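Undergrad: Give me coordinates for this.
(2 chains)
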Amino acid sequence: DTEVTQTPKHLVMGMTNKKSLKCEQHMGHRAMYWYKQKAKKPPELMFVYSYEKLSINESVPSRFSPECPNSSLLNLHLHALQPEDSALYLCASRPGRTTEETQYFGPGTRLLVL
Amino acid sequence: AQKVTQAQTEISVVEKEDVTLDCVYETRDTTYYLFWYKQPPSGELVFLIRRNSFDEQNEISGRYSWNFQKSTSSFNFTITASQVVDSAVYFCALSEYKGNSGYALNFGKGTSLLVTP
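TA: Numbering: from 1, shown residues only, chains lettered A, B, ... in the order given. Here you go, the predicted structure:
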């Protein structure tokens, strides 16, 4: 089973709202990722967690706040977003033990900021 | 710095035609890993294949085949007898070490494939 789940599937929020995206995997993977994808563009890396610790932050604005409460769960907290933050947010995971491992992606959350 | 180039932005074919998606990469690493992902309109990125730099054997999986040529830094993907369900955006990607125990995918810009009946 290579399933990564994400909730919600769709989210509409105002610029003053606070919301959270959730990602879950039960494959025992120890590396988890957030990517942002705009229409007709490739995914762009935002954050990487390795063994529940933040290992990469690609200079993402502080209005995006990641959290990894345990090895199976990854959250992305959103606050005071801008309309240009509207995008598909993809979560991914990989085992995290060797360099050659494949990343498996969830179905994504389509976010619209009004 | 690493780079993945997918020069074909959009390809349109008629069902049952064969189609090849091109991928050219640049890396200074001697050991590296290449991937192909499919992204249908639903949005999920579906893993298709992983190839490491020291294994140049071509691979076939059903109607899909991949041609890895280290000499030309290419990792091309061919769909034989295309079907409407093959319509999607296809991404080629290179695994990149970003430091601090973090590995990420460096994606090409993607090729949008449309297969019409």
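
Undergrad: how about the residues of chain B near chain A?
TA: Residues of chain B that fall close to chain A, judged by C-beta under 8 Å from any C-beta of the partner chain: B:31, B:33, B:35, B:37, B:42-47, B:50, B:52, B:91, B:95, B:97-105, B:107-110, B:112. Quick note: C-beta positions are derived from backbone N, CA and C, even for glycine.

Undergrad: Give me the buried stretch members for stretch A:96-113, please.
TA: A:96, A:100-111, A:113 (16 or more other C-beta atoms under 10 Å in any protein chain shown).

Undergrad: pLDDT of stretch A:85-94, averaged?
TA: If you average the pLDDT over stretch A:85-94, you get 96.

Undergrad: Tell me the gap between that stretch and the middle of its chain.
TA: Its chain's C-alpha centre and that of stretch A:85-94 lie 4 Å apart, by C-alpha atoms, centre = their mean, to the nearest Å.

Undergrad: With only the CA atoms kept, save it in PDB.
TA: Output of stretch A:85-94 as PDB, limited to C-alpha atoms (Å, rounded to 0.1, in the frame of the first residue of the first chain):
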ATOM      1  CA  ASP A  85      -1.300  31.500  -2.500                       C
ATOM      2  CA  SER A  86      -4.200  29.800  -4.300                       C
ATOM      3  CA  ALA A  87      -2.800  26.600  -5.600                       C
ATOM      4  CA  LEU A  88      -2.800  22.800  -5.300                       C
ATOM      5  CA  TYR A  89      -0.900  21.700  -2.200                       C
ATOM      6  CA  LEU A  90       0.600  18.300  -2.400                       C
ATOM      7  CA  CYS A  91       1.900  16.200   0.400                       C
ATOM      8  CA  ALA A  92       4.400  13.400  -0.200                       C
ATOM      9  CA  SER A  93       6.300  10.800   1.800                       C
ATOM     10  CA  ARG A  94       9.200   8.500   1.300                       C
END
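
Undergrad: Quick one: check that stretch for contact with chain B.
TA: Yes. Counting by C-beta under 8 Å from any C-beta, contacts between stretch A:85-94 and chain B involve A:Leu88, A:Leu90, A:Ala92, A:Arg94.

Undergrad: With that, I have no additional questions.
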